[in-house]
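1. Generate a structure from the sequence data that follows.
(2 chains)
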Amino acid sequence: MRPRCVLVTGVSRPLGAQVASAFAADPEIENVIGVDTIPPRVDLGRTQFVRADIRNPLIAKVIGAAAVDTVLHLNVIATPLGAGGRAVMKEINVIGTMQLLAACQKAPSVTKLIVKSTTTIYGSSPRDPALFTEEMEPRSLPRGGYSKDAFEVEGYVRGFSRRRPDVTVSVLRFTNIVGPGIDSPLTRYLELPIVPTVLGFDPRLQLLHSEDALGVLTKAAAQDHPGTFNVAGDGVLLLSQAVRRAGRAPLPVPSPAVVTLGNLVRRSRLLDFSAEQLGFLAHGRAVDTTRLKQVFGYVPRFTTSETFDDFVRDRPIRFAIDRDTVIRAERGLLDVLARRRLVGTS
Amino acid sequence: MSEARIIPLGSKDGRARTGGGAARRSRPPGSSDIERGTGVDQGTGKGAVGDEVVVGRRMTEHLAVENRESDPDPDGPTASGASEANPAAAGAGSTHPVAGDGGSTFPRGTRGAGERATSAGRMHSSGHEAGDVDGEPVSAVREPVAGLGRGDPPDDPDVGPTASLPSEPLADAGSLEQALAGFLAFLRRRITGDYVVDEHGFDQDLTENVIAPLLRPIYQNYFRVETRGLENVPDIGGALIVANHSGTVPMDAIMTALAIMDHHPAHRHLRILAADLVFAVPFLAPMARKTGNTLACQADAERLLAGGHLVGVWPEGFKGVGKPFSERYKLQRFGRGGFVSAALRTGVPIVPCTIVGAEEIYPMIGNLKTLARLLGLPYLPITPTFPWLGLFGLLPLPSKWLIEFGEPVDTESLTPAAAEDPMLVFELTDRVRETIQHSLYGLLMQRRSVFF
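-> Numbering: from 1, shown residues only, chains lettered A, B, ... in the order given. As a prediction, this is how the structure comes out:
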């Protein structure tokens, strides 16, 4: 069923803003409501912005008054620094979701719920299969941070779909989203002039272009696709490969020192690194997107490496080992070789 | 141009890999296994009854296979035949996707076939006479590559680096220049990150150009590995190679992979299923993934097999590799039969593989169990040289190796539902184990000495 009145949470963040703008540009959608605690920095078209905290029961009034039929919950956040601390982040993620779901349950107009989750709920360990499918459980339950929040959010969403079986619930597990205007711990990390890596490990990264993230969210809103879906670009990049593609220099750090270094970096507010990301930096993670392509019917337009190259092109990067310089150096050497050979044979 | 040709050609190949690939499995003309089997019976006496049963079964299987092979396969052989017969064209065309990052958008089959041919060229150009089989196609590759290089001048900075291999202008040059050019191109790819890693983390570029050349002297000169029955390993399509594990350090897996890469006519890459411990050890973990290993779990095994890869498994695991020297060449329990159900679910043949010689590289005469447990290791070996001689004790003994690939155990007559029948899975597991054990006895009897 086509949505007529859409509510988007977390609308002041780049992805939420893009989604809201896309809905606002669609003439078939009568009403777009954006909710966040801070006003959006960009123009969202005809989106009605409601400054509200989803942790507050006020959200129920917004949903009821506007007869919202489609709810996009994009407000599960990964960055404690941005939120104002881990405690606040957990409040927003878990309590906020509970309030939103409670409001949706009371609103008979709601027919569809789309939740942005994350592939971090699969964890990262040496005992992981190469690719996670949607049915797989993490090797160990997440102990804290973003992945634990997402795990709990998904639990509440499952509870909601049991109580309101008439609502189409899509849970989209996004991998790291990279793209123009996206500011995430991973993009900050990859933008460092010297990239600290875990000594002796080289994780596989999987990225999703923000355009594909937008495409998946709008498709989920436009059509009915109940279920859980992994969303990621095709292929993987090794961290070392990504660092080389960006022309950066890696700085291998022994794993016990990584957490200390991470805390230092975090205190300097350069990068939002938390200890739970150590596993990811050592073992990486990749997910299987067969269900996204075959059941959901969306094939990401950008592969992981295309996404990464786009990201590198997008940002002026200093201290770079220039790709063209390397190629020129190689050509020069080959020319010298060729000339020497000509001289030798004549 | 040849670039335009490779895509339909290779994608057809890709389809053939998943489709009618298994029917093309080549069989040895005579069933040498049966002869050996009876020879073993006299020698050991132990497994005589079981062996007769195995032989009988194998005979019927053989007939079944022959029937199937006489059946003309409409697209399998023709599609794959076209691409196999024309490796030069495939290789020349795929110099583009290999060098560029665009390769990742191609279907897997295309990349596999194309890169194999070019990689053969690369290996050859580095002055190493690795595969005796690839002499013909390689020389054929060089010419079109050279033509290509002159055809498009590398002036466009965006297309140039990815589209032209800098070795091209020098294709007809001396071998030293060519080797240098190849080396420079490799360095350029490594520095700019311009290579493709598959979803399991397999880095073909690194494996073929760095790891394999480093291991080759060990393979050829140190262990002097001799291979037999490589024709039992299919050229295309998924297959599961099951082998005995030994030697304290899993050197046997590495050597088997190199044997297939260098000496199999299709130069396939063996994707090894490794223990989770491997992926927890710094430096070893990324190296294992880059050389094509992945975690030994049902999901990964089935994914690789369904994708038409050649998968190697050592089902004895730590029980086999870390067994005391006194128990050499006695097969341990074959896991829980997970490998059989993976093969059944994906409908691929199981190729039993017997490795002789690996048992003697580090004779384990003692085990520091307490210390091993403290370090989180499955065992900590004491050998005649380790730890007594320190680092020198880490040097393996130069035993003479024999790797034999036996006749495939057919799983095609069974449906994927058979994987849900534990009794059948156990029976097949035992059958594979018995086959390898008998083949081990046979090879041991033929062996003149441990070191020669």
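2. Regarding residue 329, what is its secondary structure?
-> Chain wasn't specified; assuming chain A. Secondary structure state of A:Ala329, per DSSP: H, G, I helix; E, B strand; the rest coil, is helix.
3. My question was about chain B, not that one.
-> The assignment at B:Tyr329 comes out as coil when based on three-state DSSP.
4. In which helix or strand does B:Pro213 reside?
-> Assigned by DSSP states H and E, B:Pro213 belongs to helix B:212-217.
5. Give me the mean pLDDT for that helix.
-> Per-residue pLDDT over helix B:212-217 has a mean of 96.
6. what residues does the helix or strand following it touch?
-> Using DSSP H and E, the next helix or strand after helix B:212-217 towards the C-terminus is strand B:226-228. Residues outside strand B:226-228 that contact it (C-beta atoms under 8 Å, 6 or more residues apart in numbering or on different chains) are B:259, B:263, B:400-405. In this view, the C-beta of every residue, glycine as well, is placed from N, C-alpha and C.
7. count of neighbours near A:Asp166?
-> Around A:Asp166 there are 8 other residues, counting by other C-beta atoms under 10 Å in any protein chain shown.
8. do the same with B:Thr370
-> 9.
9. If I look at it, what pLDDT would I see?
-> pLDDT for B:Thr370: 92.
10. which residues sit against the strand or helix carrying B:Val242?
-> Assigned by DSSP H and E, B:Val242 belongs to strand B:239-243. Outside strand B:239-243, the residues that touch it by C-beta under 8 Å, 6+ apart are B:233, B:252-253, B:256, B:260, B:270, B:301, B:305, B:310-315, B:334, B:339, B:342-343, B:348-355, B:405, B:408, B:432, B:436.
11. And the helices in the stretch 301-450 of chain B?
-> Using DSSP state H, counting those that start in this stretch, the helices of the stretch 301-450 of chain B run over B:318-321, B:338-346, B:369-375, B:422-446.
12. And the contacts of the shortest one?
-> The one in question is helix B:318-321. With C-beta under 8 Å, 6+ apart as the contact definition, helix B:318-321 has outside contacts at B:244-250, B:252, B:275, B:314, B:331-333, B:378-379.
13. Give me whichever of the helices of the stretch 301-450 of chain B is most buried.
-> Comparing the helices of the stretch 301-450 of chain B by mean neighbour count (mean count of other C-beta atoms under 10 Å in any protein chain shown), helix B:338-346 ranks first with a mean of 25.
14. helices or strands next to that helix in the packing?
-> Secondary-structure packing of helix B:338-346 (3 or more C-beta pairs under 8 Å, 6 or more residues apart in numbering or on different chains; DSSP states H and E): strand B:239-243, helix B:298-306, strand B:350-356, helix B:422-446.
15. can we see that at 6 Å?
-> Under the contact criterion of 3 or more C-beta pairs under 6 Å, 6 or more residues apart in numbering or on different chains; DSSP states H and E, the helices and strands touching helix B:338-346 comprise helix B:298-306, helix B:422-446.
16. Just the C-alphas of it, formatted as PDB.
-> Written as PDB, here are the backbone C-alpha positions of helix B:338-346 (Å, rounded to 0.1, in the frame of the first residue of the first chain):
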ATOM      1  CA  GLY B 338      29.400 -32.000   8.800                       C
ATOM      2  CA  PHE B 339      31.500 -32.100   5.600                       C
ATOM      3  CA  VAL B 340      29.300 -34.900   4.200                       C
ATOM      4  CA  SER B 341      26.100 -33.100   4.800                       C
ATOM      5  CA  ALA B 342      27.600 -30.000   3.200                       C
ATOM      6  CA  ALA B 343      28.500 -32.000   0.100                       C
ATOM      7  CA  LEU B 344      25.000 -33.600   0.100                       C
ATOM      8  CA  ARG B 345      23.200 -30.300   0.400                       C
ATOM      9  CA  THR B 346      25.100 -28.800  -2.400                       C
END
